[in-house]
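Enquirer: would you be able to build a 3D model of this:
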Amino acid sequence: MRAVVQRVRRARVTVADQIIGEIENGLVVLLGIARDDTKDDADYLVPKIVALRIFDDVEGRMNVSVRDINGGLLVVSQFTLYGDVRRGLRPSWSDAAAPEIAEPLYNYFVESSRKLLERVETGSFRKMMQVELVNDGPVTILLDSRRQF
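Expert: Numbering: from 1, shown residues only. Alright, predicted model coming up:
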């Protein structure tokens, strides 16, 4: 399971000109699910993301988490995080989970997040979405449940 985590001042997801998820200060999590991922992968990533100390404390140092600032999480499914272009220019999606595997794990990730944070918004699984955000910093962190980076 891979996550691109972005510290944001605000973010929203729109589907068919309707806003379906929106947060103010918090984190946007672009979540990719691999074909062999399990709930264990989400169980590793969710608490780590919620506890990441990437928000400024009163002294201006990155030392507090999204939970500490009472911020929100906007979780967006993004299978393209498993696009492999090592053998050309057209991505291969063979490492990405099929929708029937990915969707339950995505939902599990979201529900696990809701147990730790008050405000968790989402995109829409398998829909064409427009994601708008104002990256704060910018601060962007890459996470992988297999600890590959």
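Enquirer: how much space between the most centrally placed residue in the chain and R10?
Expert: In the chain, the residue lying closest to the centroid (C-alpha atoms, centre = their mean) is V29, at 1.8 Å. Computed as C-beta to C-beta, to the nearest Å, the V29 to R10 distance reads 15 Å. Where you see a C-beta, it was placed from the backbone N, CA and C, and this is true even at glycine.
Enquirer: quick revisit: so which helix or strand takes in the residue nearest to the centre of the chain?
Expert: In the assignment (DSSP states H and E), V29 maps to strand 26-32.
Enquirer: average model confidence for that strand?
Expert: Averaging pLDDT along strand 26-32 yields 98.
Enquirer: before we move on, what about stretch 63-76?
Expert: In this model, stretch 63-76 has an average pLDDT of 98.
Enquirer: ok, and the closest non-adjacent residue to the residue nearest to the centre of the chain?
Expert: Spatially, and ignoring its direct neighbours in sequence, V29 is nearest to V75 (4.8 Å; C-beta to C-beta, 6 or more residues apart in numbering).
Enquirer: now that neighbour, what's its secondary structure?
Expert: State at V75, reduced to three classes by DSSP: H, G, I helix; E, B strand; the rest coil: strand.
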